[in-house]
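Chemist: 3D, please:
(one chain, ligands or ions: 1)
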Amino acid sequence: MAENQKKRLFSGIQPTGNLHLGNYLGAVKNWIEMQDGYDAIFCIVDAHAITVPQEPGVLRDNIHDLARLLLASGIDPDKSTLFVQSDVSGHSELAWILNTVARMGDMEKMTQFKDKSAKDGSERSSVGLFGYPILMAADILLYDAYIVPVGDDQRQHIELTRTLARRFNKRFATDGFVVPKGEIREEGMRIMGLDDPTKKMSKSASSEYNYIALSDGADVIRKKIMKAVTDSEPTITYSDDRPAVKNLITIYSLLSKKSVGDIVEQYDGKGFGDFKKDLAEVVVDFILPLQERIANVSDQEIEDVLSQGTESAGRAADIKMREIKKVMGLGS
Ligand code: TYM
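Modeler: You can find the predicted model right below:
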């Protein structure tokens, strides 16, 4: 971790496989753009992933695949720290402490637990899934992060993190935790499903026509874009009451770097056939070179980057944990 004057940035992503355009446009793209201006720490949050059952071999592969993807996307280990959450024990240690600061009332408000536990019912969900936002707060507070770039679905978790930091600081009359702020960019913060624009694009969606996976081949991408739902109007315009079309234009704009206005103008008088064909090529032109770069990241590079990351994150985490435990009267 570079010792400099830059403010600390922290963000995390789960190694659950099937990374999609929503993760890229809502998070990773911003990480890459922000890593120059901040002292950035990026974390592969495997301890979050186990809040739902994982197959050990698959989880291990997913962790390495995600590291490969992040490096191929442009996370630069000379500028940023990249590491795996469970390699630094301070995360779970601090999460336990924050469990004693969070109240049941805080947690019962968390909408993501309600969504995620809906499938199996809350009685069959793990306690870890319920406490998931507390571990996320620990990730952020452990490193004195000032800014946390995330997609819109993490907004409530950032709010909880702020609440816990303030409550802790007040209870122990300390300024031990920095109260972080979320960076949720308007554009890309909520990339919606291609088959249903009322739900976010999600790796756990039941239909593969919901998302474009970063591992999809050119033909699959073309097929998914051509099948993407639109609405009954034949024109290409950008507005909140046309969520499906708005979503497709957003993806087009973010990947091609053309403004929304230019895109709408370009397709004035044209139909969805032309628009979707071009959009498919924009997506293919982004994903295929990315896949090539992914194939060129070696296992050795991943190992080196992650072990370096663990060392520097671990150092910072140890200092913070000592400080926090002392303030609380914990330990011998
Ligand atoms: P995760 O792994 O579900 O998603 C990683 C990031 O991708 C964003 N995202 C989206 N953005 C726009 N449109 C979408 N359809 C979309 N789907 C996902 C998410 O908002 C997220 O920024 N709890 C976090 C991981 C985490 C974390 C942290 C983040 C753990 N600790 C500390 C920040 C700071 C999560 O499950 O993200």
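
Chemist: distance of F83 from S73?
Modeler: Taking C-beta to C-beta, to the nearest Å as the measure, F83 falls 16 Å from S73. In short, each C-beta sits where N, CA and C put it, glycine included.

Chemist: before we move on, what about A49?
Modeler: A49 is 19 Å from S73, by C-beta to C-beta.

Chemist: on that earlier part again, between F83 and S73, which is the more surrounded one?
Modeler: For F83 versus S73, the count of surrounding residues by other C-beta atoms under 10 Å is larger for F83: 23 against 17.

Chemist: give me phi/psi at the residue of the stretch 1-150 of the chain found nearest the ligand?
Modeler: Using C-beta to the nearest ligand atom, G26 is the residue of the stretch 1-150 of the chain that sits closest to the ligand, at 1.9 Å. Backbone dihedrals for G26, given as degrees, to the nearest 10, come out at phi -80, psi -20.

Chemist: One more: V178?
Modeler: According to degrees, to the nearest 10, V178 has phi -80, psi 130.

Chemist: quick revisit: any idea how far V327 is from the residue nearest to the residue of the stretch 1-150 of the chain closest to the ligand when sequence neighbours are not counted?
Modeler: In this structure, G26 finds its nearest non-sequential neighbour in G151, 3.4 Å apart by C-beta to C-beta, 6 or more residues apart in numbering. Per C-beta to C-beta, G151 is found 33 Å from V327.

Chemist: So for these two, which sits in the more crowded spot?
Modeler: Counting neighbours by other C-beta under 10 Å for G151 and for V327 shows that G151 has the greater number, 21 against 16.

Chemist: What pLDDT does the model give the more buried one?
Modeler: Looking at G151, its pLDDT stands at 89.

Chemist: give the contact list for it.
Modeler: 22-23, 26-27, 184, 188-191, 200 (C-beta atoms under 8 Å, 6 or more residues apart in numbering).

Chemist: switch to 7 Å and redo it
Modeler: Residues near G151 by C-beta atoms under 7 Å, 6 or more residues apart in numbering: 26-27, 184, 189-190.

Chemist: Can you pick out the most distant pair from the residues you listed?
Modeler: Using C-beta to C-beta, the contacts of G151 span at most 11.6 Å, a distance reached by A27 and R190.

Chemist: Those two - which one has more neighbours?
Modeler: When A27 and R190 are compared for neighbours, A27 comes out ahead with 22 against 18, by other C-beta under 10 Å.

Chemist: Now do the contacts for the more buried one.
Modeler: Contacts here follow C-beta under 7 Å, 6+ apart; on that basis A27 touches 11, 13, 149-151.

Chemist: Likewise for E265?
Modeler: Contact analysis of E265 by C-beta under 7 Å, 6+ apart lists nothing.
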